[in-house]
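Peer 1: Turn this into a structure:
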Amino acid sequence: MTTFGPMTRAFALAGLLFSAGAAFAPAMAAPADVALLKSYIGEWRGRGVMIGAEQESVVCRLTLSEGNQDKVNYNGRCTLAGQNLSIAGTLAYVEANKRFEAAMTSNATFTGLAVGQKRGSGLTFNLREREEDEEGKEFNITSQIKLAPEAIQVTFEVVYVESGDSLRAEVPFSR
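Peer 2: Model prediction:
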């Protein structure tokens with residue numbers, strides 16, 4: 001069984017807030033796309049559970065605010081087993097790519113690109129990445145963030161390639 005070290009848990013916390021990375025091209029979105037993004041502006045709080053070798057509580061907060069050029073900025077923090085992860089980033093509709101995208105920086109050096117699609121009255125962002133832990137073991141990261149009018153649901157999973165051991169988290173957010 002793989003022991004999930006501090007860096008692996010930090011990657012997991014990064015995924016809980018918004019798994020993403022990379023810079024945006026200028027966003028030139030339709031008014032409806034901009035309005036959808038801006039509908040999530042506000043303060044969000046989440047509490048959930050991370051299950052791996054042990055089950056641990058996760059507590060998160062997330063602030064979304066108006067950014068430049070029809071973008072929405074976010075800042076967040078999660079706490080798990082005495083560890084803190086902070087992130088900052090941007091959500092936008094990128095006209096050149098004809099899709100919603102999320103960009104992130106974190107204190108866990110986690111990077112990636114989350115692509116979003118409209119689903120009903122909300123947005124769903126998906127991420128799939130492969131990383132290495134502090135011991136050089138490869139693991140796959142999968143994350144899904146569902147933004148609904150009054151809720152955000154984050155599901156995140158880390159699976160070690162060699163052993164198949166996994167770490168899974170689900171955190172519902174509300175205003």
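Peer 1: For this structure, give me the ranges with low pLDDT.
Peer 2: For the chain, residues meeting the criterion pLDDT under 70 lie at 1-29, 108-112.
Peer 1: what ranges do the helices span in it?
Peer 2: Using DSSP state H, the helices assigned to the chain run over residues 6-18, 31-38.
Peer 1: what are the ranges of the strands in this protein?
Peer 2: 42-51, 55-66, 72-80, 83-94, 99-106, 114-119, 122-132, 138-148, 151-160, 166-174 (DSSP state E).
Peer 1: Tell me which strands the third one pairs with, and in which orientation.
Peer 2: When sheet partners are counted by DSSP bridges, strand 72-80 sits next to strand 55-66 (antiparallel), strand 83-94 (antiparallel).
Peer 1: Dump those into JSON lines; add mean neighbour count and distance to Glu150 as well.
Peer 2: In short, each C-beta sits where N, CA and C put it, glycine included. Listed next are these as JSON lines, based on neighbours: other C-beta atoms under 10 Å; distance: least, C-beta to C-beta, whole Å:
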{"stretch": "strand 55-66", "mean neighbour count": "16", "distance to Glu150": "13"}
{"stretch": "strand 83-94", "mean neighbour count": "21", "distance to Glu150": "17"}
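Peer 1: of those, which approaches Gly116 most closely?
Peer 2: Nearest of those to Gly116, taken as C-beta to C-beta: strand 83-94 at 7.6 Å.
Peer 1: The strands paired with strand 72-80 into a markdown table, with extra columns for distance to Tyr160?
Peer 2: Listed next are those as a markdown table, based on distance: least, C-beta to C-beta, whole Å:
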| stretch | distance to Tyr160 |
| --- | --- |
| strand 55-66 | 18 |
| strand 83-94 | 19 |
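Peer 1: so which of those strands gets nearest Val171?
Peer 2: With C-beta to C-beta as the measure, strand 55-66 is the member of those nearest Val171 (5.6 Å).
Peer 1: Run the angle between that closest one and strand 138-148 for me.
Peer 2: 60 degrees (axes from the mean of the first three to the mean of the last three C-alpha atoms, to 10 degrees).
Peer 1: circling back to that earlier point, out of the strands paired with strand 72-80, nearest to Glu157?
Peer 2: Minimum separation from Glu157 across those (C-beta to C-beta) falls at strand 55-66, 13.6 Å.
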